[in-house]
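J.: Sharing a model prediction with you, sequence too.
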Amino acid sequence: MEKKPTPKTGIARIWSAFFYTQKGLRHAMAHEAAFRQEAVLVGIVSLIIIFLPLSLIWKGLLFFATTLVLIVELLNSAIEAVVDLASPEFHELAGRAKDMGSAAVFICFFLAGVLWLMAIVSII
């Protein structure tokens with residue numbers, strides 16, 4: 001088992017946090033198929049947002065809702081990793097935690113879908 005690193009403070013903490021973030025994103029891209037798929041989708045949709053004839057507020061809402069899917073997917077993946085570590089065998093509570101994380105991702109997709117539908121209807 002690895003030794004826990006000594007906590008950093010000030011600028012060193014911020015600098016380290018930046019690299020931990022990069023490590024987390026690389027891990028998600030390498031090991032989480034759902035995150036990879038959603039990242040591609042967010043990239044495509046972000047390009048579409050630029051060219052849509054919508055107000056800056058609408059574009060911001062669409063970008064926020066779409067990016068929120070990635071954020072919640074990262075949290076869901078973190079929950080799943082901790083649950084798998086703590087409970088390698090099946091346990092009802094472990095399954096419940098994973099299902100609720102998945103439900104959070106679904107709700108974010110639903111939110112993004114509703115906003116996209118409203119934006120498209122406002123253009124027509």
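T.: Structure received. Numbering: from 1, shown residues only.

J.: Which residue ranges of the protein form helices?
T.: Here the chain has its helices, by DSSP state H, at 10-31, 33-51, 56-86, 92-123.

J.: So which elements touch the last one?
T.: Which is helix 92-123. When contacts are defined as 3 or more Cβ pairs under 8 Å, 6 or more residues apart in numbering; DSSP states H and E, helix 92-123 sits against helix 56-86. Backbone N, C-alpha and C define where each C-beta goes, glycine included.

J.: quick revisit: so which of the helices of the chain has the densest surroundings on average?
T.: helix 56-86 (a mean of 16; mean count of other Cβ atoms under 10 Å).

J.: orientation of that one relative to helix 92-123 in degrees?
T.: Here helix 56-86 points in a direction 170 degrees away from that of helix 92-123 (axes from the mean of the first three to the mean of the last three Cα atoms, to 10 degrees).

J.: Check which helices and strands helix 56-86 sits against.
T.: helix 10-31, helix 33-51, helix 92-123.

J.: possible to save these as a markdown table with distance to residue 59 and mean pLDDT?
T.: Shown next, in a markdown table, are these (distance: least, Cβ to Cβ, whole Å; pLDDT from 0 to 100):
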| stretch | distance to residue 59 | mean pLDDT |
| --- | --- | --- |
| helix 10-31 | 24 | 92 |
| helix 33-51 | 5 | 95 |
| helix 92-123 | 9 | 95 |
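
J.: The ones you listed: which one's closest to residue 58?
T.: Closest to residue 58 of the helices and strands packed on helix 56-86 is helix 92-123 (Cβ to Cβ; 5.3 Å).

J.: from the middle of its chain, how far away would that closest one be?
T.: Between the centre of helix 92-123 and the centre of its chain there are 11 Å (Cα atoms, centre = their mean, to the nearest Å).
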